[in-house]
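*Asks:* Need coordinates for the below:
(chains A and B)
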Amino acid sequence: MRYRGFQPSIISEWLLECKQDSSKIELGAYAQTIRNNDEIVNTLYELFEKYPDHDLISPVCHQLFEFYRASNDELKKFTLELVPSLIGAYLTSVYNRETKRVCSIATCLLGIYNMEVVEKESGQAKVRTYTVPTVATASCYHEPPSLTSLVLSDSALMNYHHDKNITFQQGPFEQIEEFSAQNRFMILTQVLRAYNSFIAELSLKSRTNLCEWSCRLLRSGYKGTLFNNAEAEIEDNSPRIPFTSEFLLELLDGVYFAMFNGSAKEGKSVVSDVYVRAEYELLNEVLLVTNAIVDSLAVNPSGQPEDG
Amino acid sequence: TNLIPIRRLKLIAEAFSIKGLCLENSNSSNRLSKFKGVNNQDAIISCFERAGDLALLLIQSLRNKTMSTLSTWNASLQPEVIDLPGIGSIIEKSMQKSPLAYIVKGDLQKGISRSREVLQCVETASIPHLRQTLARQLAELLLRGVCESTYIPLNKNEVLSTHRTPPSAPSSPKPKKYDGGSLYVPEDLLSEILLLLLIADTMVTREALVTRRPEFREERIRRFENATAVYDLITIALTKHGQFNIIFQTFERAMKFAFDEIHIWRQFALSLYAARQYDRSLLAFRRCHKIKPNDYVVCLQAAQICFDHVRDIKEGIEWTKTAIKLTENTNKCIKSRALLALGVGYTLMVDETKIHSEKAEYRKKASACFDKAHSLDPENYLPLYHIALQQALNRSVNDALRTITLALKKKPDHVHSLHLLALLLSSQQKFNEALNVIVAAVVDYPDNFSLLFTKSRLQVVAVGFDEALSTCLSMLKLWKKMFEKGLDGQERGTGLLNKCTADHRSLIHTQLNELSDRESVKHDLTQRRFSDPGILCESDTDRIYLQVPEQFKAGSVRNESICASKIEAQLSDLASSVGSKIEQKPGPSEPWVIQSQIWLHLAELYLEEGRLEDAERCVTEAGVINPLSYLVAYLKGRLAEMRYKFREAKECYENALSINSCHVKTYQHMGIIYQALGQLRMSEKMLRDAINVDPTCPEAWSLLGQVVHDLGDPNDAVDCFSTAAELELTKPVLPFSILPKHFL
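*Replies:* Residues are numbered from 1 along each chain as shown, chains lettered A, B, ... in the order given. Below is the predicted model:
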């Protein structure tokens, strides 16, 4: 498709279509069509990236949230595809102190968060339980005696030290009515979590978009100083965004996936940008992961991201 | 399966392997016909699969045969000594490739199922390397190709049923799989990944090659790389979930690989840090520095631990100095950060020393660092905050206000800058404006106790005692909301918290003593032995799981005095160790410190209102929760003093000073007691000690003036009074020193 410049009319037509049809048409089929409609999707990406104070932002955010809660997975995925754009546009605006334009995006993100932290059926706060299995008891993949040598060594003993599965929980998270400096990144982390839990079903374009937005946000305010560009020493007056470790870890999770599924180059540059920020701010938990990713790419015995 | 002779099995398996490999080879050299390529891929897959199945059968029958020839006791003693003939590298290769062949075809799910199938087959000692590779490979597939919504767990019933019907034709016999009812079968994505990685981990760690002899070099490196690949994957999978204990234990096991391996040491140090084992983490960082002396990040990390956790300020300063040297050729931001760290080190040294001239020297050095850090990176708010804090501590209030406004322009929602702004306004007696700032900050940080303490203090002077009390009540409610669930099963105190928060009246109308009968309090006090937190640390039942938002980690618990004694340092060490999702060491953990501080704050308010009974009740509650706090001892002394029991008061103050020898207010009241007892020289000594610790305390100066006057030195007395009067003009509602000093 040849690029014809930003065309807001595409979006307004689409919005009109949604309004008219939402009750009648078969949701699933409709969702499929719009997810595959490059024209609409690309224009939406462009809207959030280049025209964050456009009048259309507000109705678009409203429509996206309507899709998200429509209890149809395809529609939900359509909204999820745009989550990187939503988060990116939100953060840029908040830290530029443009509180007015951010309102509708924030509402949409909050809506997604509030839906994500409760169980759909019961309305109870969601609590996820995870298990770290132990190798000391037999599983469908191994039997313990063949693993540990019978020589009494430290490591053999340590394996038996934890002879029970360790479980840990995440949540419950409370419902939130408004963004504050305290909860901002906690909310965004959960929204990104929702994105990551569907990431394999989302489009390559969306994952690449995630990577591109991330680089932009990570470098904002640090160009020419922390990030040595070719055009070094330019004045960068864009705001610095103070990410939290939790958010960056969730981000790396998504980027790691993207890296091995078609966005190798973009993913790698996010990792290296996160690395720079984490070293600068001594985010030790984040460094743990970036070190691991960088190292496993350097000496990986099985496959590079480019291999697919 | 016994019908097919072993030798023929091996031959057929090898034949299939070679055919598969050949087809694959021709496929990659001949990419022209796309359609044919797809067909080829199917052929490759089927060759690899049949080879694999046959190979597993081969291994199992070999094993059976060998086992039956050995006597049972012998086999159970040393099963590894049995030297099974390997299956050969060709078959191994084809087995490893068979899941990947599906991936090439684009069918991830089939690839995963094939991997799972092979791994479920009963293993033998002869293919540990292959199994380890396959386990890691499957974990990688799951980690890199599957997300929660697309994950299909293993079918538990199918795995666990003993009578499995092989899906394929009976003519191709299938190898035996693990079965039985008690097997663990992972049910979600993370646990399957972890199970595979932990299995791979035990295998790679076991086969570590420690020898350094040159002829083993290649093999050693190969094994090392295999092992780090597994460790890296474990780190990637677990860090997001905050399971740092498991990560650092993995690296602990990996130590036999670690000789001069910077990557392993660095990851070990980082995971220890994240698991809050600061002492060990510092040791590991020191090792990293030895291996790679030119890495400034390591130096700053070590400095951070020294400043914030281990409280070895001198070592921290050495680290930052090394970091500054190493950052000379880096960019300005990083240089600025290193200088900032050195500055923070100097300000912390101010509190470490008691000699006045040294303090001034450190202050000067610190300011120079902060100024330079600011000029290198003017966009960073943090140097500005520290400059403002120094100015505030020197009582250059107007300068400080100007600087902090600048800092807030760079980062409008920096909580400590907002807090400092409020305190500065209060020191100009603009209490209402200060209160407005604090109220606005509380909107943005509703869970920050430090802000709430200041809010309540400001309310006393700006609006009234009632409002201050209602803030206290809301703090108690907030505590309940934030911590009660996380601490379930753990109870401290006498339950006054519940009674207060359940009561619908505001605190002003409530007599705290009404809420609890004294008998139960006494009973509790004798029943619970909280006198020694060391005992608590050892009990295993006291494990606490906490869920606290991240911004809570720093700066919520306040040390009224900064140069706290060893015990308080330990307390604050634990205090700063609260994070999300992480298993805690039991002991006087942060939530309890906070609750006791709320009670103590309340007690002070009551004391000032003259409601001694209520104050006493609060102090008792705080003492039950956190008996080692010097503030509890101090407030007990205050109560006794108000009741004219001077001997008792003196004893309490002595206790407080023995825990924390830098508490200004205790010295101050010691002075009052000695004065009342007529021991003027002792009184003077105590007040001079107080001033030595904090020369900006007007109360101590004015008391000293009285005592010096009584001792017959009117000139000195006048000096003291005028200093007091001067300081009174710039006195904030709470000392500036409650604000934290971090370089991050």
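
*Asks:* what are the ranges of the strands in chain A?
*Replies:* With strands called from DSSP state E, chain A shows them at A:128-132, A:166-170.

*Asks:* which one of those has the most crowded surroundings?
*Replies:* For the strands of chain A, the largest average neighbour count (mean count of other CB atoms under 10 Å in any protein chain shown) is found in strand A:128-132, namely a mean of 16. Backbone N, C-alpha and C define where each C-beta goes, glycine included.

*Asks:* Might you list the low-confidence residue ranges for chain B?
*Replies:* Applying pLDDT under 70 to chain B picks out residues B:1-4, B:27-39, B:62-87, B:122-126, B:159-176, B:179-181, B:486-495, B:499-589.

*Asks:* mind listing what's buried in stretch B:598-611?
*Replies:* B:598, B:599, B:600, B:601, B:602, B:603, B:604, B:605, B:606, B:607, B:611 (16 or more other CB atoms under 10 Å in any protein chain shown).

*Asks:* Mind checking what helix or strand follows the helix or strand containing residue B:409 in sequence?
*Replies:* Assessed by DSSP states H and E, residue B:409 sits inside helix B:397-410. Using DSSP H and E, the helix or strand that follows helix B:397-410 in sequence is helix B:415-427.

*Asks:* could you say what helices and strands that following helix packs with?
*Replies:* Here helix B:415-427 touches helix B:381-393, helix B:397-410, helix B:431-444, helix B:449-462, going by 3 or more CB pairs under 8 Å, 6 or more residues apart in numbering or on different chains; DSSP states H and E.

*Asks:* For residue B:149, find the nearest of these.
*Replies:* helix B:431-444 (34.6 Å; CB to CB).

*Asks:* Can you give the distance of the closest one from its chain's centre?
*Replies:* 30 Å (CA atoms, centre = their mean, to the nearest Å).

*Asks:* Tell me the buried residues in it?
*Replies:* Applying a neighbour-count criterion of 16+ other CB under 10 Å, one finds B:431, B:433, B:434, B:435, B:437, B:438, B:441, B:442, B:444 buried in helix B:431-444.

*Asks:* helices and strands around that helix, which ones?
*Replies:* helix B:415-427, helix B:449-462.

*Asks:* quick one: the last one near chain A?
*Replies:* What it means is helix B:449-462. No. With CB under 8 Å from any CB of the partner chain as the criterion, chain A is not reached by helix B:449-462; the gap is at least 10.6 Å.

*Asks:* neighbouring contacts of that helix?
*Replies:* The contact list for helix B:449-462 (CB atoms under 8 Å, 6 or more residues apart in numbering or on different chains) reads B:415, B:418-419, B:422-423, B:426, B:431-432, B:434-435, B:438-439, B:441-442, B:445, B:467-469, B:471-472, B:474-475, B:478-479, B:555-558, B:594, B:597-598, B:601, B:605, B:608, B:733-734, B:738.

*Asks:* Outline the domain layout of the chain.
*Replies:* No chain in the question, so chain A it is. Split into domains by automatic domain parsing, chain A comes to A:1-123, A:128-170, A:203-308.

*Asks:* that's the other chain; I wanted chain B
*Replies:* If you go by automatic domain parsing, chain B breaks into B:6-160, B:236-411, B:663-744.

*Asks:* Would you pull up how far the second one lies from the middle of the chain?
*Replies:* Right, domain B:236-411. How far domain B:236-411 lies from its chain's middle: 16 Å, per CA atoms, centre = their mean.

*Asks:* Any part of it near chain A?
*Replies:* Yes. Using CB under 8 Å from any CB, we find that domain B:236-411 touches chain A at B:236, B:238-244, B:246-247, B:249, B:252-253, B:263, B:266-267, B:270-271, B:273-274, B:297, B:300-301, B:304, B:331-334, B:337, B:377, B:379-380, B:411.

*Asks:* So the residue at minimal distance from the centre of chain A versus chain B, what's the distance?
*Replies:* Against the mean C-alpha coordinate of chain A, by CA atoms, centre = their mean, the closest residue is residue A:192 at 3.6 Å. Per CB to the nearest CB, to the nearest Å, residue A:192 is found 11 Å from chain B.

*Asks:* circling back to that earlier point, closest one to chain A out of the buried residues of stretch B:598-611, please.
*Replies:* Ranked by distance to chain A (CB to the nearest CB), the buried residues of stretch B:598-611 are led by residue B:598 at 19.2 Å.

*Asks:* Now do the contacts for that closest one.
*Replies:* Residue B:598 makes contact with B:449, B:472, B:475, B:476, B:479, according to CB under 8 Å, 6+ apart.

*Asks:* The same query, at a cut-off of 6 Å, please.
*Replies:* residue B:475 (CB atoms under 6 Å, 6 or more residues apart in numbering or on different chains).

*Asks:* could you check the distance from it over to residue B:621?
*Replies:* 9 Å (CB to CB, to the nearest Å).

*Asks:* interface residues of the stretch 101-250 of chain A facing chain B?
*Replies:* Proximity of the stretch 101-250 of chain A to chain B (CB under 6 Å from any CB of the partner chain) is limited to residues A:130-133, A:135, A:138-142, A:147, A:155, A:180-182, A:197-201, A:225-226, A:244, A:246, A:249.

*Asks:* Write out the residues of the stretch 1-150 of chain B neighbouring chain A.
*Replies:* Proximity of the stretch 1-150 of chain B to chain A (CB under 6 Å from any CB) is limited to residues B:119, B:120, B:144, B:147, B:148, B:149, B:150.

*Asks:* tell me the contacts of the fifth one?
*Replies:* Shown in contact with residue B:148 (CB under 6 Å, 6+ apart): A:197, B:189.

*Asks:* I'd like the distance between it and residue B:188.
*Replies:* Counting by CB to CB - residue B:148 and residue B:188 are separated by 8 Å.

*Asks:* Give me the common contacts of the two.
*Replies:* By CB under 6 Å, 6+ apart, no residue touches both residue B:148 and residue B:188.

*Asks:* can you count the residues close to residue A:10?
*Replies:* 18 (other CB atoms under 10 Å in any protein chain shown).

*Asks:* What residues does it make contact with?
*Replies:* Residue A:10 neighbours (CB under 6 Å, 6+ apart): A:39, A:43.

*Asks:* Can you tell me how far it is from residue A:208?
*Replies:* Taking CB to CB, one finds residue A:10 at 21 Å from residue A:208.

*Asks:* Ok, residue B:675 next?
*Replies:* Distance from residue B:675 to residue A:208, counting by CB to CB: 75 Å.
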